[in-house]
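>>> just need the structure, nothing else, for what follows:
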Amino acid sequence: MKLNMRNKKSFNKFLKEKKVGIFIIAKLGSRRLKNKIKINVDQLTLIEILLQRLIKQIGNQNIIICSSGQDSKKFLQPFKKKYKIRLFFGKNKNVLRRILDCMNNYKYKHFVRVTGDNPFTDCDTIKKMVKLHVKKNNDFTYTNSLPRGMKPEVFSLDALNRCI
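Modelled structure (predicted):
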């Protein structure tokens with residue numbers, strides 16, 4: 001399974017063939033810091049910084065913001081058109097169910113979990129982890145080699161179905 005990690009087009013083809021989605025898990029109703037995805041840094045929100053970085057390095061074809069709630073829907077809707085990404089809104093209290101519903105809706109077999117309030121998620125690590133995850137047929141792939149806030153995780157649909 002040879003994959004040119006630097007070529008956005010070939011990586012997107014790989015994601016499509018292997019049915020891997022990149023889910024940005026985000027909602028406004030945080031208990032610790034409300035509306036954190038809306039925090040502005042140099043006139044961009046945290047989630048917008050993340051979107052721009054992901055799209056620049058990975059592309060937008062397999063990116064889905066996975067969220068819940070009416071307030072989140074109002075806030076996130078403009079990003080769908082602006083960045084040509086998909087949005088999925090599901091259960092408010094049950095993140096696992098929301099993710100499973102999203103995976104089933106888009107027929108993904110694996111997904112990369114990226115949190116919407118971590119704009120510095122490492123895109124090169126996503127590429128390496130996804131390739132390794134699929135090649136080894138893992139249930140869960142993660143890294144401890146990055147600082148907090150830069151770490152993506154990759155999960156298989158089968159593993160999540162066993163958890164539910």
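
>>> surely R86 and I63 touch.
Yes. In this structure, R86 is within contact of I63 by CB atoms under 8 Å, at 7.2 Å. Where you see a C-beta, it was placed from the backbone N, CA and C, and this is true even at glycine.

>>> only the C-alpha atoms, please, for stretch 19-32, written as CSV.
Below are the C-alpha coordinates for stretch 19-32, written out as CSV (Å, rounded to 0.1, in the frame of the first residue of the first chain):
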residue,chain,number,x,y,z
LYS,A,19,-14.0,4.7,3.6
VAL,A,20,-12.3,7.0,6.1
GLY,A,21,-13.9,10.2,7.3
ILE,A,22,-12.3,13.0,9.2
PHE,A,23,-14.7,14.1,11.9
ILE,A,24,-14.3,17.4,13.6
ILE,A,25,-16.2,16.9,16.9
ALA,A,26,-17.5,20.2,18.0
LYS,A,27,-20.4,21.8,19.9
LEU,A,28,-21.0,25.0,21.7
GLY,A,29,-22.3,23.7,25.0
SER,A,30,-19.0,22.9,26.8
ARG,A,31,-19.3,23.0,30.6
ARG,A,32,-15.7,24.1,31.2
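
>>> before we move on, back to that, so between R86 and I63, which is more surrounded?
Under the criterion of other CB atoms under 10 Å, the comparison of R86 against I63 puts I63 first, with 23 against 18.

>>> may I have the distance across stretch 58-74, first residue to last?
26 Å (CA to CA, to the nearest Å).

>>> next one: stretch 83-93
27 Å.

>>> give me the most central residue, this protein.
Geometric centre of the chain, nearest residue: F23, 2.4 Å, by CA atoms, centre = their mean.

>>> that one belongs to a helix?
No. F23 is assigned strand when assessed by DSSP: H, G, I helix; E, B strand; the rest coil, not a helix.

>>> I figured it hits D101, correct?
No. Applying CB under 8 Å as the test, F23 and D101 come out as separate, 11.4 Å apart.

>>> find residues that contact each of the two.
F88 (CB atoms under 8 Å, 6 or more residues apart in numbering).

>>> re earlier: how would you label the residue nearest to the residue nearest to the centre of the chain when sequence neighbours are not counted: helix, strand or coil?
Nearest non-adjacent residue to F23, counting by CB to CB, 6 or more residues apart in numbering: C66, 4.5 Å away. Recorded secondary structure, C66: strand (three-state DSSP).

>>> next, count neighbours for the spatially closest residue to K84 that is not a sequence neighbour.
Spatially, and ignoring its direct neighbours in sequence, K84 is nearest to N60 (5.2 Å; CB to CB, 6+ apart). If you count neighbours by other CB under 10 Å, N60 ends up with 16.
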